[in-house]
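Visitor: structure of the sequence below:
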Amino acid sequence: MAELPGFETALARLAEHRELDVYALSRAAAVPEAELAAVLDGARPSEALI
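Guide: Residues are numbered from 1 along each chain as shown. Here you go, the predicted structure:
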């Protein structure tokens with residue numbers, strides 16, 4: 001069985017598919033830009049983000 005991609009990979013794919021940069025995605029999700037950028041760089045997402 002294939003393993004699912006990590007959260008940061010899924011988030012990056014979503015942003016790419018919707019043609020959103022980190023700023024636009026953070027505004028759409030009402031999440032701080034720094035938190036999204038950290039997750040995209042491999043940091044563990046907070047419970048609120050998930």
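Visitor: what bits of this structure have low per-residue confidence?
Guide: Within the chain, the ranges that satisfy pLDDT under 70 run 1.
Visitor: spatially central residue in it, please.
Guide: By Cα atoms, centre = their mean, the mean C-alpha position of the chain lies nearest to residue 11, the distance being 3.6 Å.
Visitor: residue contacts, that one?
Guide: 25, 36, 39-40 (Cβ atoms under 8 Å, 6 or more residues apart in numbering). (C-beta placed from N, C-alpha, C; glycine too.)
Visitor: for residue 12, which non-adjacent residue is spatially closest?
Guide: Leaving aside its chain neighbours, residue 12 sits nearest to residue 40 (5.7 Å; criterion: Cβ to Cβ, 6 or more residues apart in numbering).
Visitor: picking that back up, by neighbours, which of the contacts of residue 11 wins?
Guide: residue 36 (23 neighbours; other Cβ atoms under 10 Å).
Visitor: for the protein, longest helix please?
Guide: Ranked by residue count under DSSP state H, the longest helix found in the chain is helix 7-17.
Visitor: how much space separates residue 47 from residue 4?
Guide: When distance is defined by Cβ to Cβ, to the nearest Å, residue 47 is 19 Å away from residue 4.
Visitor: next one: the closest residue in space to residue 46 that isn't next to it in sequence from residue 49, what distance?
Guide: Nearest residue to residue 46 in three dimensions, chain neighbours excluded: residue 35, at 6.7 Å (Cβ to Cβ, 6+ apart). Using Cβ to Cβ, residue 35 is found at 6 Å from residue 49.
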